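Asks: Quick one: sequence plus predicted model below, questions after.
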Amino acid sequence: QLQFVESGGGLVQPGGSLRLSCVASGVSLEYFAVGWFRQVPGKEREAVSCIGTRRNTDYADFVKGRFSLSRDNAKNTVVLQMTNLKPEDTAVYFCAASDMCRRHLTADDFGSWGQGTQVTVSS
């Protein structure tokens, strides 16, 4: 059974950077697309980015040019590098698996959700 553990969140000042890791266990990650989502209290989970099995990547408009997604199948890990962080990036960040990165990313297409890692951007 595929399971994810996210890490790397924390408190950072606006303009700062964080590196989130999503480590998989139970199944080889090479057969899955992996998406990152985020959620704030009272709002729906929103898609941030996705990386496919061929390392193709998609990003939400609000993170393009600031976030970068990569994968290391040998380590069963996906990394979300976040730069130039803004207060509105504050959220719990989750990773999850799907068969592919669809044109319109929705949480319903993903499963095996991790527990999330909190990112807080504040001065």
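Replies: That came through, no problem. Residues are numbered from 1 along each chain as shown.

Asks: Quick check: R55 is in a strand.
Replies: No: assigned with DSSP: H, G, I helix; E, B strand; the rest coil, R55 falls outside any strand and is coil.

Asks: How about it, nearest residue that isn't a chain neighbour?
Replies: Nearest residue to R55, sequence neighbours excluded (C-beta to C-beta, 6 or more residues apart in numbering): R71, at 6.4 Å. From N, CA and C alone the C-beta is placed, and that goes for glycine too.

Asks: Name the SS class of the one you found, please.
Replies: Classified using three-state DSSP, R71 is strand.

Asks: residues touching it, list them.
Replies: Going by C-beta atoms under 8 Å, 6 or more residues apart in numbering, R71 touches 29, 34, 51, 55, 77-79.

Asks: make it 10 Å
Replies: Remark: with contacts taken as C-beta atoms under 10 Å, 6 or more residues apart in numbering, R71 is in contact with 22, 24, 29-30, 32-34, 51-53, 55, 57, 77-79.

Asks: What helix or strand is the spatially most central residue of the chain located in?
Replies: Averaging the C-alpha coordinates of the chain gives a centre point, and the residue nearest to it by C-alpha atoms, centre = their mean is W36 (2.4 Å). W36 is located in strand 33-39, with elements delineated by DSSP states H and E.

Asks: isn't the residue nearest to the centre of the chain right next to G9, touching?
Replies: No: W36 is beyond contact range of G9, at 11.7 Å (criterion: C-beta atoms under 10 Å).

Asks: isn't I51 right up against T77?
Replies: No: counting by C-beta under 10 Å, I51 stays clear of T77, with 11.2 Å between them.

Asks: Neighbour count: those two, which is higher?
Replies: Neighbours were counted for I51 and for T77 using other C-beta atoms under 10 Å; I51 has more, 23 against 16.

Asks: so who does the more buried one touch?
Replies: So I51 contacts 22, 32-36, 57-59, 69-71, 78-80, 101 (C-beta under 10 Å, 6+ apart).

Asks: To what extent is the closest residue to T117 other than its chain neighbours buried, counted in neighbours?
Replies: Here the nearest residue to T117 in space, its sequence neighbours aside, is G9; by C-beta to C-beta, 6+ apart that works out to 3.4 Å. Using other C-beta under 10 Å, G9 is surrounded by 19 other residues.
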